[in-house]
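Trainee: okay, predicted coordinates and the sequence, questions at the end:
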Amino acid sequence: IRTVEETQNSLEQDYMGILTLDQDKIQTISSVAEGRIEKLYYKTPGEFVKVNTPVYQLYSEELALAKKDFLLAYQQLGLPGDFGKNAQKLQQAARQKLAYYGFSEKQIESLKTSRDVSPTSTFYSNKNGYSTEVTATEGGYVMEGDPILSLADLKDLWIEVQVNVSNFAGLEIGQSAEVIFAELPEKNYKGRISFINPEINPGTRMLMIRVEIPNADLTLKPGMQARVKLTRSEIKGIFLPSDAVIREQHANFIWLEKSPGVFEVARVETGSETKGQIEILSDLDPAKKIVVSGAYALNSEYRFRFGADPMKEF
């Protein structure tokens, strides 16, 4: 038996989650103009795409016209007087148009010597990443802005876990988390909470939080099952041994000493449970004492003597 008093404790909770892509680091490579996909250099999800490597060839009369405008202006730069000055303006405008279409400076400059104004143009990736989805097909027609493929940076990944509402207090953005993967049980990883959903699921009374975990060596793969350990340090409250709480289907109870040798039950709301300790969220009368050892024996004795459930009144 012990008095009702607040203490400080550290609570650890384990949650299961699945490793996923960092949605903030997914880039979509889109068609720069209307036309036909002549060639795709990456056709399968999971392929690694290097920066400055070709991604697709596009057949587009619109792009061919832009090339011709640039080359024509370049060829007229040597004309005398206003003709040459006007050609400079036209070339600058044509250069900007080609850049808008996604041509690199190197590609634009190469037009001066290659004089290639064909409708077919090759476009390159501007970043490293793994292809997660290939939307276009060779021979298919696309409009300006239609997606070709998506690239993901796997150096940072996400784990989304559902947290009990009662365990939410004390969790904050930037808080560290310990992560263990079923596929790599011998190694512990460190992550941090990067997002806490402001909305509670009304059906499950759970709250989604997101843990960000670094993956510089690319050992971790999306789809891995993760166990996330979150710690709430120095939590002030009433903590009892787990055996002190009698658990029924719809409610939890404890035994209180009303007076020497006289006991009564009290319905309580519980919070986190870890290391044999359970958090009591309900307000308790500090004048009474809690039965912390033998609560189940006391409950069974009551049933045996009186043939009734001591909690039926609740």
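Mentor: Thanks, I have the structure now. Numbers count the residues shown, from 1 in each chain.
Trainee: count the neighbours of the closest residue to residue 244 other than its chain neighbours for me.
Mentor: Spatial nearest neighbour of residue 244, excluding adjacent residues (CB to CB, 6 or more residues apart in numbering): residue 292 at 4.4 Å. For the C-beta atoms, the positions are set from N, CA and C on the backbone; glycine is no exception. Residue 292 has 15 neighbouring residues, counting by other CB atoms under 10 Å.
Trainee: also residue 186?
Mentor: Applying other CB under 10 Å, we find 6 other residues in the vicinity of residue 186.
Trainee: so it, which of the three states?
Mentor: Under DSSP: H, G, I helix; E, B strand; the rest coil, residue 186 falls in the strand class.
Trainee: also the one 5 residues further on?
Mentor: Three-state call for residue 191 (three-state DSSP): strand.
Trainee: check what pLDDT it gets.
Mentor: Residue 191 is assigned a predicted lDDT (pLDDT) of 94.
Trainee: what sits against the closest residue in space to it that isn't next to it in sequence?
Mentor: Once flanking residues are discounted, residue 191 sits nearest to residue 213: 3.8 Å by CB to CB, 6+ apart. Contacts for residue 213 were tallied using CB atoms under 8 Å, 6 or more residues apart in numbering; they are 19, 156, 157, 158, 159, 179, 189, 190, 191, 220.
Trainee: mind running it again at 10 Å?
Mentor: 19, 22, 156-159, 177, 179, 181, 189-192, 194, 220, 226, 228 (CB atoms under 10 Å, 6 or more residues apart in numbering).
Trainee: where does the stretch 201-314 of the chain have low pLDDT?
Mentor: Low-confidence segments of the stretch 201-314 of the chain, defined by pLDDT under 70: 233-235, 274, 306-314.
Trainee: PyMOL command for the buried members of the contacts of residue 213?
Mentor: Command for PyMOL that selects the buried part of these, burial taken from 16 or more other CB atoms under 10 Å:
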select buried, resi 19+22+156+157+158+159+177+179+181+189+191+194+220+226+228
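Trainee: take the contacts of residue 213 and keep only those in strands.
Mentor: Of the contacts of residue 213, the ones assigned to strands by DSSP state E are 19, 156-159, 177, 179, 181, 189-192, 194, 226, 228.
Trainee: widest-spaced pair of those residues?
Mentor: In the ones in strands among the contacts of residue 213, two members sit farther apart than any others by CB to CB. They are 181 and 194, at 18.3 Å.
Trainee: the helices in the stretch 151-300 of the chain, which residues?
Mentor: 295-306 (DSSP state H, counting those that start in this stretch).
Trainee: about what we covered before: and which of the ones in strands among the contacts of residue 213 is nearest residue 27?
Mentor: residue 156 (13.7 Å).
Trainee: quick one, what contacts the closest one?
Mentor: 21, 22, 24, 25, 191, 194, 212, 213, 214, 215, 216.
Trainee: how near is it to residue 211?
Mentor: 11 Å (CB to CB, to the nearest Å).
Trainee: picking up where we left off before, quick check: beta-bridge partners of the residue nearest to residue 191?
Mentor: Using DSSP bridges, the bridge partners assigned to residue 213 are residue 157.
Trainee: for the longest helix along the chain, buried residues please.
Mentor: The longest helix of the chain (DSSP state H) is helix 81-100. By neighbour count on 16+ other CB under 10 Å, the buried set for helix 81-100 is 87, 90, 91, 94, 95, 97, 98.
Trainee: what's the first helix or strand after it?
Mentor: Using DSSP states H and E, the helix or strand that follows helix 81-100 towards the C-terminus is helix 105-114.
Trainee: quick one: list the elements packing against whichever helix or strand comes after that following helix.
Mentor: Next helix or strand after helix 105-114 toward the C-terminus (DSSP H and E): strand 120-124. With contacts defined as 3 or more CB pairs under 10 Å, 6 or more residues apart in numbering; DSSP states H and E, strand 120-124 has these neighbours: strand 26-30, strand 35-40, strand 54-59, helix 61-75, helix 105-114.
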